[in-house]
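J.: Generate a structure from the sequence data that follows.
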Amino acid sequence: MKSSRPGFTLTELLVVLAILGALTAIAIPAGRAVQARSRTAGCLSNLRQIAVGLESYLQDHNQTMPDIAAGRKSKAEDVPVLETELASYLPDPKVFKCPADHKVFEASGCSYIWNSSQSGRHRLKLEFFGKTGQDNRIPLVSDKESWHPGESGVNFLYADLSASTKVNFGVSP
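T.: Sure, this is the predicted structure:
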């Protein structure tokens, strides 16, 4: 009588390893896509919080947009920018860091850039490439770089204080 030992044969072990390899090859890209979408959602959340701070600023300043520079290259620059002007309206400075940004925030203090063409304008007198303040598709804040998946790779905060991953502004003919 032949005795059988418990365990796997070499063929069974190779089949199991091949299946595990295939599952890993499928899971890693899917996991990265989920991470990218979660960073985009975190960024949009930050832009919405900036919108709340901006709304408070507008109420305190007669509905006039902050007169600030688009951004700065380093924290050492002494210029009024988004993160310095809205700091008192937002409790956590981390709101100015996009989750997908791994360099710019550390150097400049903000992952976002202000549309400086709107600086000092009244909320109802905004203008952007022929669009007027009555059109809510005027961008106010956007990512400094294209960090996100998608067509533009950039998230926007618009004049109606909504945040979007889509480019929702155009120009007048």
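
J.: Could I get the full set of helices for this protein?
T.: Remark: helices assigned in the chain by DSSP state H are 10-60, 82-85, 104-108.

J.: Could you identify which of these is most buried?
T.: Comparing the helices of the chain by mean neighbour count (mean count of other CB atoms under 10 Å), helix 82-85 ranks first with a mean of 22. Just so you know, the C-beta spots here come from the backbone N, C-alpha and C atoms, and that holds for glycine as well.

J.: Can you add mean pLDDT and distance to Gly120 and give the helices of the chain back as TSV?
T.: Below are those laid out as TSV (pLDDT from 0 to 100; distance: least, CB to CB, whole Å):
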stretch	mean pLDDT	distance to Gly120
helix 10-60	85	12
helix 82-85	93	12
helix 104-108	92	22
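
J.: So which of the ones you listed is nearest Gln118?
T.: For the helices of the chain, proximity to Gln118 was assessed by CB to CB; helix 10-60 is nearest, at 10.8 Å.

J.: Does anything pack onto that closest one? Which helices or strands?
T.: Contacts defined by 3 or more CB pairs under 8 Å, 6 or more residues apart in numbering; DSSP states H and E place helix 10-60 against strand 112-114, strand 139-143, strand 156-158, strand 163-164.

J.: what does the second one contact?
T.: With CB atoms under 8 Å, 6 or more residues apart in numbering as the contact definition, strand 139-143 has outside contacts at 43, 47, 50, 54, 65, 82, 98, 101, 111-115, 118, 128, 153-159, 169.

J.: what lines up beside that strand in the sheet?
T.: The sheet places strand 139-143 alongside strand 112-114 (antiparallel), strand 156-158 (antiparallel), with pairing taken from DSSP bridges.

J.: Would you tell me which one of the ones you listed is buried the most?
T.: Mean neighbour counts for the strands paired with strand 139-143 (mean count of other CB under 10 Å) peak at strand 112-114, with a mean of 26.

J.: mean confidence for that strand?
T.: Strand 112-114 comes out with an average pLDDT of 94.

J.: circling back to that earlier point, now distance to Leu124 too, for the strands paired with strand 139-143, in CSV please.
T.: CSV is the format used below for the strands paired with strand 139-143 (distance: least, CB to CB, whole Å):
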stretch, distance to Leu124
strand 112-114, 19
strand 156-158, 15
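
J.: Relative to Thr165, tell me which of those strands wins on proximity.
T.: strand 156-158 (7.9 Å).

J.: which residues are in contact with stretch 157-164?
T.: Contacts of stretch 157-164 (CB under 8 Å, 6+ apart): 44, 47-48, 50-52, 54-55, 112, 118, 123, 126, 133, 135-142, 155-156, 168-169.

J.: can we see that at 10 Å?
T.: Here stretch 157-164 makes contact (CB atoms under 10 Å, 6 or more residues apart in numbering) with 43-52, 54-55, 58, 65, 112, 114-115, 118, 123-124, 126, 128, 131, 133-143, 155-156, 168-169.
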